[in-house]
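J.: here is my input, please return the structure:
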Amino acid sequence: MRDRQRGILLAEAKKTTKTEEKDDFRYIVRIVNTDIDGNKPTVVGLQSIKGVGKRVAEVVVRKAGVDRSVKIGSLDEAATDELARLVTTYSEYAPNWAINRQADYETGEDQHIVSTDLDIVLKDDINRLKMIRCYRGVRHESGHKVRGQRTRSNGRKGLTLGVSKNKNQPAPKKEA
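T.: Numbers count the residues shown, from 1 in each chain. Okay, here's the model as predicted:
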């Protein structure tokens, strides 16, 4: 009896949440040069930004004062701007160990890099390793494993070749 009542209550709750969607619901939200699905909860949506994981998203949402389970598309423009500001300034209020770039090679500062800047910085770091001809740089140049993994076996590299089936080919005939 109780399970049936609970099921009815859950069904009613789902109906009300679908009808509660506002007219200003945004199906795609743009934060820090990343398109985020508006139907995702706030924490999950923020994780689709490169450089923002589960912990960073939790801290940003808590600091912004936004409910973590609210769909990110239902937030108003001011709330999304606040989330974007907190994501870009994460290194100012987060501890050093929670930042993805500690003691930057050029500036010596602690920074948390997100979005396309992260791709650029990683590419620059690898190019620097190649230029100074260190072991890791040489491994990157030659396309080998860099972090000490085995290379004799168990390495997956290159494109996979799928099995292609020719539909027009007749079945082979048996010789008697």
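J.: low pLDDT regions in this protein?
T.: 1-22, 157-159, 176 (pLDDT under 70).
J.: tell me which residue lies nearest the centroid of it.
T.: Ser48 (3.7 Å; CA atoms, centre = their mean).
J.: could you pull out the helices in the protein for me?
T.: 2-19, 42-46, 54-64, 77-88, 90-93, 116-131, 135-142 (DSSP state H).
J.: between the two ends of stretch 155-164, how far is it?
T.: 24 Å (CA to CA, to the nearest Å).
J.: start at 26 instead
T.: OK, 26 is where the count begins now, so the last one is stretch 180-189.
J.: please tabulate the helices of the chain in JSON lines and include mean neighbour count and distance to Asn191 as additional columns.
T.: All C-beta spots, glycine's among them, are computed from the backbone N, C-alpha and C. As requested, the helices of the chain are arranged in JSON lines below (neighbours: other CB atoms under 10 Å; distance: least, CB to CB, whole Å):
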{"stretch": "helix 27-44", "mean neighbour count": "9", "distance to Asn191": "48"}
{"stretch": "helix 67-71", "mean neighbour count": "24", "distance to Asn191": "43"}
{"stretch": "helix 79-89", "mean neighbour count": "17", "distance to Asn191": "46"}
{"stretch": "helix 102-113", "mean neighbour count": "17", "distance to Asn191": "51"}
{"stretch": "helix 115-118", "mean neighbour count": "15", "distance to Asn191": "54"}
{"stretch": "helix 141-156", "mean neighbour count": "14", "distance to Asn191": "40"}
{"stretch": "helix 160-167", "mean neighbour count": "13", "distance to Asn191": "37"}
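J.: quick one: closest of those helices to Arg181.
T.: Closest approach to Arg181 among the helices of the chain (CB to CB): helix 160-167, 16.4 Å.
J.: and the closest one, what does it pack against?
T.: Helix 160-167 makes packing contacts with helix 141-156 when contacts are defined by 3 or more CB pairs under 8 Å, 6 or more residues apart in numbering; DSSP states H and E.
J.: what's the helix it packs on packed up against?
T.: helix 160-167.
J.: hey, C-alpha coordinates of the helix it packs on in PDB?
T.: Output of helix 160-167 as PDB, limited to C-alpha atoms (Å, rounded to 0.1, in the frame of the first residue of the first chain):
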ATOM      1  CA  TYR A 160      63.300  12.300 -22.100                       C
ATOM      2  CA  ARG A 161      59.600  13.100 -21.900                       C
ATOM      3  CA  GLY A 162      59.900  15.400 -24.900                       C
ATOM      4  CA  VAL A 163      61.700  12.800 -27.000                       C
ATOM      5  CA  ARG A 164      59.000  10.200 -26.100                       C
ATOM      6  CA  HIS A 165      56.300  12.700 -27.200                       C
ATOM      7  CA  GLU A 166      58.100  13.300 -30.400                       C
ATOM      8  CA  SER A 167      58.500   9.700 -31.300                       C
END
